[in-house]
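> Predicted structure and sequence below. I'll ask about it afterward.
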Amino acid sequence: MLESILSLFNLDFLYAAVRMAIPIILAATGEVFLQRSGIFNIGIEAMMIFGAFFGVLGAALTGNSWLGVLFAMLAGSLTGLAFGFVVITVQGDQTITGTAFSIIGLGLTSFLVRVIWGIRKLPVMVTPIERWPVPVLSEIPYLGRIFFDQSPLAYIAYVLLILATIVMFKTTWGLKVRAVGENPKSAASIGINVIRVRYLCAIFSGSVAGIGGAILSLSELNMFVDNMSGGRGYLAMASVILGRWHPLGAALGGLVFGAGNALQMRLQAIGVPIPNNLLLILPYVLALLIMVSVYSRSGAPAALGVPYEKETTIE
Amino acid sequence: MPNEVQENEAGSRNIDLEHLDLLVRRYGRIISAVAPVTAVITALLLIGVLIFSLGKSPFEAYKALFVGAFGTLYDTATSLTRATPLILVGLGAAFAIRGSVFNIGGEGQIAIGGLAATLVGIYLPNLPGYIHLPLTLLAGFIGGGIWGAIPGYFYAKRGTNLIITTIMMNEIALGIVQMMVKGPIQEPPGNYPQSPQVLPTAVLPLIIPGTVLHAGFLLAILFAIILYVVLFHSPLGYEVRAVGENAIAARHAGINIFATRVLLMVIAGGLAGLAGASEILGSQLRLRPAFLPNYGYEALAVAMLGQTNPLGVFIAGILFGALKAGAGSMQRATNLPMNLITVVSGVIILFVVLAKIMTRLPRYLAKRSAGGGSGDFLSRLLASKSLKGTPHA
C-alpha cells in the first residue's frame, strides 16, 4: 500500500495539483489586492460562482467560450462593484455583506440556470476550452508538463500573478493600495483617493475571481453545476492569509490546497481504506491546521476590515 | 497638510443637513426598529421587479408564497418548524455579535450537534424518555459548543481569523457527517446515506397534533426569552456588550476578554448544535448529510435582520422560516424555481446592511456640502503633487 501511495507523487500528480490550484490562485490574486486595500471579502465565493455561471451563459449565447470568459470577467467586476458600494460607500459590515453576497450568488445562479434552461432539465453544454501545450515551453523536462501543458486560462493566471506582484511592490499604484490598507487617513492626507483605490481593488478582485470561476465551468467541465465553486473562494481567502498578503505567497497557499485536492482524488482512485468523504475534507483540514499553527496578525494590513470614513473636507 | 483643509467647515447651506443628522441620531432607536421592515419591503420590491421582468406576476408569486406559508394551520405549523432551527442558530449568532464575535460556523455546528444527538439518540437504549431526551438535546448542545469552542479558542487566544477557521470547520463537519452516514452509522442494508431512526424515547413530541410542529419550537421560545434577559438584565450580558462596544475599555474595566469571547463561541455553537439536534429529534428523526443546508449562513441573516435583539431574532426567524415553507407553493403556482427564496434571503440581508444609509445619508450630505468650497480643488492639487515628491510607504 505504501508503495502505491508513494507512486502517486509523480508528474501527473503535480500537473493535477497545479490544474486544481489555478482557480484558487486567480481568486486569491484579486483578494490580495482587496485585502491589502483594507477590505475583507467573503463574497469572493459569489464572484467565483457568478463567473462560472455567466461564463457558461456567455459561451452559450455567443457560441464562443472565450467570449464566455469575458462575460465571466464582467459579471465578476460588477459583483465587485456592488460589493464595493455596500462596504465602501455605505460602510456596511464586511462579514455580513460578504455572507449576503455568497448566499445571493448561490441562490441567483441556481435560480437563473433553471429559469433559462428549465427546472428539471439537463444543464446546457458548451464547447470547453481545451488544454493547450505552450510550444517550446511545454518541452522543458518536468516543468513543461506540470506548468505549460494546462488550459490557456492557466497561462492567463500566471501572467496576472506576475503582473500583480510587480504592480503591488514596484509601482506607485501598488504603493497606494498598501498605504490605503495600512492607514487610510494618512493615505488620504497625502492626496490618495482612498475610496477610488478600494473600488478599483474590488472591481479587479471581482474580475479575476470571475475568470477563476469560469475555469471551473468552461475548462474543467463544460457546463454549470449548482454550487460549483464549492468553497474555493474560502480557500482563496485562506491562501491570502497563509501567503501573508503577498501574491506569490497566496499562490503558494493555493498550490497547497490544489495539491491537497489532487492527492485526495488519487487516494480515492487507488482505493485507500479511508472513507471518501474524509479525503474530501483534506484540503480544509490542511488549511485549518496551518491557520491555527502559524497564524499571526503580523503582516496583515493594519486597516483590514475597518470601514473608511472620509475626513470632513478632503476631496 | 491635513490641517489646511479643515478651515471651511460650517457653510450656511448645510445647517439643515446638520439638523437632520441630529434628528437622525436622536431617533436612532426608532430608525433601527424601522430599518429591518424597510429592508424586507425593499428586498421584496426588488425581487418583485425580477419576477416581473421574467414575465411572471409578482403578486401571484407572493400570494402563493404567503398562502403556502400561512394558508392553513398545517402550513403555519410548517413555517414555524422551518423557523425553529433558524431562530436557535440566529439567537446564538446575535448574542455573539453583541460581543463582536462573528460566528460563521453555524453550518458546521448544526451538523456536529445533529451528529452528537443522533449518536446519543440511537445508541443509548433502555432509558426513560424524561432522561433520554434531555440527554440527547444536551449532547447536541455540547457537540455544537465544542465545534464553536475550537475556533473560538484560537481567535480569543491569538486572534486567528475567525471567519476562515469557522468556514473550514464547516466543511470539515459536513464531511464528517457524510462519512458517518455512509459508514459507521449507516442504516442497514446500506442503500441510502442515512442513519437509522433515533429511539422513540429521544423523539421530541409534536405540539400541534396533525401538523409537523414539534417541541423544538418551545425551546426556541425559551431561549429567546433567556437570552433577552441575560443580554439586557444580567452582569454577563453587560460584559458581552462592553466587550462588543470597546474591547480595550472592557479590559481596563477588569472584564476577561479571552473568557468572554470563548464563552460566546460556546454559546453560539451550542445553540446551533441544539438546533441541529432539535431538527433531527423533532422532524427528520435520522441523520442525513447536509440535513439543514445553508441554515447556518441564513441564521446570520436572521440575527442581523432581528437587530441582534433576541426578540427581533425570533420574529426574523419566523419570516425566514415562512419563506422556506412557502417556496414550494410558489414554484407550483408560478413555475418560478424555488431557489428564488435563497436569493430573497440574501437580498434581505443586503438591505439590512444598506439600511445604514438612512442614518448616514444626512451626515454624508452635510459633509459633502461642507467640503464643496473652492479651496477643495487647490488642496487636492497640492496633495497630489506632494505624493509624487514623497518616496515613503
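Sure, I can see it.

> What number of residues are in the vicinity of residue B:190?
Neighbour count of residue B:190, defined by other C-beta atoms under 10 Å in any protein chain shown: 10. The C-beta positions use only the backbone N, C-alpha and C, and glycine is treated the same way.

> Distance check, it against residue B:181.
With the distance defined as C-beta to C-beta, to the nearest Å, residue B:190 ends up 10 Å from residue B:181.

> With residue A:233 instead?
Taken as C-beta to C-beta, the span from residue A:233 to residue B:181 is 27 Å.

> One more: residue B:68?
30 Å.

> who's in contact with the residue nearest to residue A:242 when sequence neighbours are not counted?
With C-beta to C-beta, 6 or more residues apart in numbering or on different chains as the criterion, residue A:242 has its nearest non-adjacent residue at 4.0 Å, and that residue is residue A:253. Contact analysis of residue A:253 by C-beta atoms under 8 Å, 6 or more residues apart in numbering or on different chains lists A:28, A:238-243.

> Which helix runs longest in the chain?
Just going to use chain A. Secondary structure of chain A per DSSP state H: the longest helix is helix A:11-36.

> not what I meant, chain B
Taking DSSP H as the criterion, chain B has its longest helix at helix B:129-158.

> so does stretch A:103-115 get close to chain B?
Yes. Stretch A:103-115 is in contact with chain B by C-beta under 8 Å from any C-beta of the partner chain, via A:103-108, A:110-111, A:114-115.

> Which one (most neighbours) among the residues you listed?
Ranking these using other C-beta under 10 Å puts residue A:105 first, with 29 neighbours.

> Quick one: classify that one as helix, strand or coil.
Secondary structure, DSSP: H, G, I helix; E, B strand; the rest coil: residue A:105 is helix.

> Pretty sure it sits against residue A:51.
No. Between residue A:105 and residue A:51 there is no contact under C-beta atoms under 8 Å: 9.7 Å.

> ok, which residues in the stretch 201-350 of chain B are in contact with chain A?
B:294, B:297-298, B:300-301, B:304, B:331, B:335-337, B:339-347, B:349-350.

> make it 7 Å
Within the stretch 201-350 of chain B, the positions lying close to chain A (C-beta under 7 Å from any C-beta of the partner chain) are B:297-298, B:300-301, B:304, B:337, B:339-340, B:342-343, B:345-347, B:349-350.

> List the ones among those residues that fall in helices.
B:297-298, B:300-301, B:304, B:340, B:342-343, B:345-347, B:349-350.

> can you put those in CSV and add distance to residue B:111 and pLDDT?
Output for those, formatted as CSV (distance: C-beta to C-beta, whole Å; pLDDT from 0 to 100):
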residue, distance to residue B:111, pLDDT
B:297, 13, 89
B:298, 15, 90
B:300, 16, 89
B:301, 19, 87
B:304, 22, 89
B:340, 26, 91
B:342, 19, 89
B:343, 24, 92
B:345, 20, 88
B:346, 21, 91
B:347, 26, 93
B:349, 22, 87
B:350, 26, 90
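
> Please tabulate those residues in JSON lines, including the columns neighbour count.
Listed next are these as JSON lines, based on neighbours: other C-beta atoms under 10 Å in any protein chain shown:
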{"residue": "B:297", "neighbour count": "25"}
{"residue": "B:298", "neighbour count": "29"}
{"residue": "B:300", "neighbour count": "26"}
{"residue": "B:301", "neighbour count": "26"}
{"residue": "B:304", "neighbour count": "28"}
{"residue": "B:340", "neighbour count": "27"}
{"residue": "B:342", "neighbour count": "26"}
{"residue": "B:343", "neighbour count": "24"}
{"residue": "B:345", "neighbour count": "26"}
{"residue": "B:346", "neighbour count": "26"}
{"residue": "B:347", "neighbour count": "25"}
{"residue": "B:349", "neighbour count": "28"}
{"residue": "B:350", "neighbour count": "26"}
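
> So which residues of the stretch 1-150 of chain B form helices?
Remark: helices assigned in the stretch 1-150 of chain B by DSSP state H, counting those that start in this stretch are B:15-26, B:28-53, B:58-70, B:73-98, B:106-123, B:129-158.

> cool, the stretch 201-315 of chain A as well?
A:232-242, A:247-270, A:276-280, A:282-294.

> Out of these, which is the most enclosed?
helix A:232-242 (a mean of 30; mean count of other C-beta atoms under 10 Å in any protein chain shown).

> Remind me what it packs against, helices and strands.
Under the contact definition 3 or more C-beta pairs under 7 Å, 6 or more residues apart in numbering or on different chains; DSSP states H and E, helix A:232-242 sits against helix A:11-36, helix A:44-62, helix A:247-270, helix A:282-294, helix B:162-182.

> How far does it sit from its chain's centre?
8 Å (C-alpha atoms, centre = their mean, to the nearest Å).
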